[in-house]
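Student: Sequence and predicted structure, then a few things I'm wondering about:
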Amino acid sequence: MNYDCLSILKWTEAQLKYTHDVSLQEATPQELHEALGQAVMMAISDNWNNSKHTRMHSRKAYYISAEYLIGRLVYSNMYNMGILDEMKQLFAERGVDLAILEDIEDAALGNGGLGRLAACFLDSAASTNIPLSGYGLRYRFGLFKQKFDQNGSQVEAADDWAKYGDPWSYRRYNHTVKVSFPDHTVLAVPYDVPVIGYGTKNVGTLRLWQCEAEEELDFGAFNDQDYLRALTQKNKAEDITRVLYPNDSTWEGKRLRIKQQYVLSSASLQDMIRTYKSAHGKDLSHFADFYAVQLNDTHPAMSIPELIRLLMLEGMNFEQSFNIAQKTFSYTNHTVMGEALEKWNLELMASVVPEIVDIILRIDAKLKSEHPELFIVRDNTAHMANLSVYVGTYVNGVAEIHSQILKDDVFHQWYNAFPERFQNKTNGVTPRRWMGLCNPELTQMIKYRIGGDFLNDLDKIGKLKPMIDDDMVRQFNAIKHQKKEQLCQVLQKQEGISLNPDFIFDVQVKRLHEYKRQLLNALSIMDIYFRLKNGELPDFQPTVYLFGAKSAPGYQRAKAVIRYINRIAFLINNDPAVSDKLKVIFVQNYNCSYAEHIIPAADISEQISPAGTEASGTGNMKLMLNGAVTLGTLDGANVEIVKEAGMENNYIFGATVQQINECRDSYYPRGIYDADYHLRRAIDTLVDSTVPTDDNQRDLYHALLDGTHWHKADHYFLLLDYASYLDAKLRANRDYADRLNFGRKCLMNVASGAKFSSDRTIRQYAEEIWHIEPTKY
Ligand code: 26W
């Protein structure tokens, strides 16, 4: 608040001079980023220190997460400080365009929704003065960078995000902790990242642990000229936080992952115990009165046995420690997909963290004595979700429908035993990054219309609704066009493709997974392509279908979908018969920064998972807030989005959860294939010679029509929903022709977005789960 921009500029210049001997104008983007980052860190340091001291003695919450998808911080930090425009101006006056910082890499310390949610939550807690801190891991390599080769296949490259330095964290070596394994002990060194609140002096903290060796160099080995052995311990320690696991929603029982999870858990809890003691003294029996810990899925669930272990080391008995742990932790579930639920083999776990296994077995014995129908350990396997439900105060899902499925299905028996523990916390997104920063034009229009800032009180956006008139719709449409022009420039530069901003922009951006059904979208595009060529869709409004998605590197089906979409894109984009009607583009390396360009330009938001599979979705909210209509199923938060914005302003299709459950046993997709010529023609392009094919594409074809040993045919019901999907898609396309009417639907979505601010979500966590109050300033 009231930061002095001229001082920040002066400090930046001084830093550049001292460290690189260059002027503002001569500096590379990386040098400028480093210097400006350091200057900003200086500017916020008093507020950051004050925030820590102010909350020292009060009850606090901690978010433990293996992932934080924070993206690029330089613009969002200055935005939240309220200085971005003035800084741009000051630099421009000196001949420097701050847009050069678009070259700075994202910090992608997360995979997708779960990691980005963690970042939005920290932003919201800081902006609403809620005393929440984050704990995570400082991966040397974040989520891989993605390119496409000549075949359209995904190629991965390491993401060395901090190679030019990281001005947004301070190494706090004095708070280093030790974490022990049977064969070695490692140091967990904290790096603190400030989380700058918007419109407040509050600055929160994200503390990221980096593993290092106690002895960097084995001098004996070095003297024996055994250089490899001299570095063994160093590498073994650093390996633990070397790389983020790139799997989103499929689980792999890897030894190194246990180590990561244990370091995250142990280091964070040791740190909490240290700060507890310095504020409240040695008696830890009141630990849970001052600390609430939220587990972001089960990735940090080893925190539960670890807290019990640490309290027992302090002299408490098992029962006392268990009770404190139960009061301390709550658990958020982010998926119902069976293959994503973490289940550790006990022998594997015991070889890495033996004492943790002993405690899990004691917890399991206690559970079984109280509730013989429930289990944590079964078949020599520890079910981490069950552990988290049992030794926790609350468990929540991330959208209404998802929380209901947890009660009815995933945790049905647990719900019967502990009904009072189950809650819902519908996800949200931060309006600062996902409106203010990425769409200043729309933000400005809304501020002007409703008279004042709304980015830290999104409820105000509802005031727009009664004001929507043709004039406002025209202004909205003009802004949308402007955002498309800007996106077209980015796409020209990044992908070398030129697009027409007058087209409809229909976007599907999210991780690539069979359940998200990018293939359904692709098949409908092929169908539309053939129909256009036959002159069957004379009034089709020109559309670009835009995809952005990374596939887990070992997920062959997902990679085959990427290749297929790239191949149909090549066919369609090079066919002069449809060039004024249809374009398909799959952007490379979709990430936070790309999202900030794509989302404001979208007209149509594809949210097409089969009902009951997508826990919430958060991209759907970002797109809604930027005025895209949802083309979606009644799944996840889509249900709440259309409840707020009106069915009539969105395009909802497909089977409901109930309908899917009812037809599951008798489902016969080949019957649909045989009966629908258009759909058949589209599906056949997976295997005929319309586009190049391969074994993996043939596998997609057979998975749809024949099934495999582990899944029946068309496990995700593409064929079941196809007809209603195409119908809704073409209806949206027709409706677009009436620009005023369609623009009104878009604006109704913007004006109905209040619920989807993560400020609302984080307040509900604070009130209903953590029982903490905002700090007063
Ligand atoms: C251990 C492997 C693994 C990795 C990641 C299992 C599960 C995950 C996450 C649960 C995947 C994820 O990001 N889930 C998404 O979480 C978002 C935030 O709540 C939701 O909006 C998405 O619907 C959900 O898929």
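Tutor: Great, that's in hand.

Student: and the protein, which residues reach the ligand?
Tutor: Within the chain, the positions near the ligand by CB under 6 Å from any ligand atom are 111-114, 117, 247-249, 251, 297, 334-335, 340, 342, 398, 427, 614-618, 636. Quick note: C-beta positions are derived from backbone N, CA and C, even for glycine.

Student: What about the nearest residue to residue 350 once chain neighbours are set aside, how many residues nearby?
Tutor: Spatial nearest neighbour of residue 350, chain neighbours left out: residue 357 (4.4 Å); criterion: CB to CB, 6 or more residues apart in numbering. For residue 357, the tally of surrounding residues (other CB atoms under 10 Å) stands at 20.

Student: Strands of the stretch 251-400 of the chain, residue ranges please.
Tutor: When assigned using DSSP state E, counting those that start in this stretch, the strands of the stretch 251-400 of the chain occupy the ranges 291-296, 329-332, 343-345, 377-378, 381-383, 395-397.

Student: quick one: which of the residues of the chain next to the ligand sit in helices?
Tutor: Among the residues of the chain next to the ligand, the members found in helices (DSSP state H) are 113-114, 117.

Student: For those residues, pick the one with the most neighbours.
Tutor: residue 117 (28 neighbours).

Student: Would you confirm that that residue contacts residue 618?
Tutor: Yes. Here residue 117 lies in contact with residue 618, judged by CB atoms under 8 Å, at a distance of 6.0 Å.

Student: coming back round to it: turn the strands of the stretch 251-400 of the chain into JSON lines, columns for mean neighbour count, distance to residue 507 and mean pLDDT.
Tutor: Written out in JSON lines, the entries for the strands of the stretch 251-400 of the chain read as follows (neighbours: other CB atoms under 10 Å; distance: least, CB to CB, whole Å; pLDDT from 0 to 100):
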{"stretch": "strand 291-296", "mean neighbour count": "25", "distance to residue 507": "27", "mean pLDDT": "98"}
{"stretch": "strand 329-332", "mean neighbour count": "25", "distance to residue 507": "27", "mean pLDDT": "98"}
{"stretch": "strand 343-345", "mean neighbour count": "20", "distance to residue 507": "35", "mean pLDDT": "97"}
{"stretch": "strand 377-378", "mean neighbour count": "16", "distance to residue 507": "43", "mean pLDDT": "98"}
{"stretch": "strand 381-383", "mean neighbour count": "22", "distance to residue 507": "37", "mean pLDDT": "98"}
{"stretch": "strand 395-397", "mean neighbour count": "25", "distance to residue 507": "26", "mean pLDDT": "98"}
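
Student: what residues are up against the residue nearest to residue 350?
Tutor: 346, 349-350, 382 (CB atoms under 8 Å, 6 or more residues apart in numbering).

Student: Spell out which two among those residues are the most distant pair, please.
Tutor: 350 and 382 (10.1 Å; CB to CB).

Student: rewinding a little: what residues do residue 117 and residue 618 have in common as contacts?
Tutor: Counting by CB under 8 Å, 6+ apart, the contacts common to residue 117 and residue 618 are residue 427.

Student: contacting residues for residue 272?
Tutor: Going by CB under 8 Å, 6+ apart, the list of residues near residue 272 reads 62, 291, 293.

Student: Could you rerun that using 10 Å?
Tutor: 60, 62, 64, 133, 135, 287, 290-291, 293, 303, 307, 310, 328 (CB atoms under 10 Å, 6 or more residues apart in numbering).

Student: Also residue 487?
Tutor: Contacts of residue 487 were listed using CB under 10 Å, 6+ apart, and they are 499, 501, 505, 507, 544, 546, 587, 594, 597-602.

Student: Tell me which entries of the contacts of residue 357 lie within helices.
Tutor: When DSSP H defines the helices, the subset of those inside them is 346, 349-350.

Student: possible to save the residues you listed as JSON lines with pLDDT and distance to residue 27?
Tutor: Shown next, in JSON lines, are those (pLDDT from 0 to 100; distance: CB to CB, whole Å):
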{"residue": "346", "pLDDT": "98", "distance to residue 27": "55"}
{"residue": "349", "pLDDT": "98", "distance to residue 27": "49"}
{"residue": "350", "pLDDT": "98", "distance to residue 27": "53"}
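
Student: Going by distance to the ligand, which of these wins?
Tutor: Here the nearest of the ones in helices among the contacts of residue 357 to the ligand, counting by CB to the nearest ligand atom, is residue 349; it sits at 14.7 Å.

Student: So for the nearest residue to the closest one once chain neighbours are set aside, what's the pLDDT?
Tutor: Of all residues not flanking residue 349 in the chain, residue 357 sits nearest, at 5.2 Å (CB to CB, 6+ apart). Reading off the per-residue confidence, residue 357 sits at a pLDDT of 98.

Student: Distance check, residue 357 against the ligand.
Tutor: Distance from residue 357 to the ligand, counting by CB to the nearest ligand atom, to the nearest Å: 19 Å.

Student: With residue 217 instead?
Tutor: Residue 217 is 35 Å from the ligand, by CB to the nearest ligand atom.

Student: can you pull the contacts of that residue?
Tutor: Residues counted as contacts of residue 217 (CB under 10 Å, 6+ apart) are 227, 230-231, 233-234.

Student: The same query, at a cut-off of 8 Å, please.
Tutor: Taking CB under 8 Å, 6+ apart, we find residue 217 in contact with 230-231, 234.

Student: Return the subset of these lying in strands.
Tutor: Counting by DSSP state E, none of the members of the contacts of residue 217 fall within strands.

Student: which of those residues has the most neighbours?
Tutor: Neighbour counts for the contacts of residue 217 were taken using other CB under 10 Å; the highest belongs to residue 230, with 19 neighbours.

Student: just checking, it touches residue 215?
Tutor: No. In this structure, residue 230 is not within contact of residue 215 by CB under 8 Å, at 9.8 Å.

Student: Can you get me a residue count around the residue of the stretch 351-500 of the chain found nearest the ligand?
Tutor: Taking CB to the nearest ligand atom, the ligand has its nearest neighbour within the stretch 351-500 of the chain at residue 398, 4.0 Å off. Applying the criterion other CB under 10 Å, we find 27 residues in the vicinity of residue 398.

Student: residues in contact with the closest residue to it other than its chain neighbours?
Tutor: Nearest residue to residue 398 in three dimensions, chain neighbours excluded: residue 616, at 4.1 Å (CB to CB, 6+ apart). Residue 616 sits next to 113, 334, 397-399, 402, 426-427, 636-637 when contact means CB under 8 Å, 6+ apart.

Student: So residue 70: helix, strand or coil?
Tutor: Three-state assignment for residue 70 (DSSP: H, G, I helix; E, B strand; the rest coil): strand.

Student: An error on my part: the question was meant for residue 453.
Tutor: When the structure is split into helix, strand and coil by three-state DSSP, residue 453 lands in coil.

Student: I figured it hits residue 198, correct?
Tutor: No. Shown here, residue 453 and residue 198 do not form a contact pair, counting by CB under 8 Å, at 9.3 Å.
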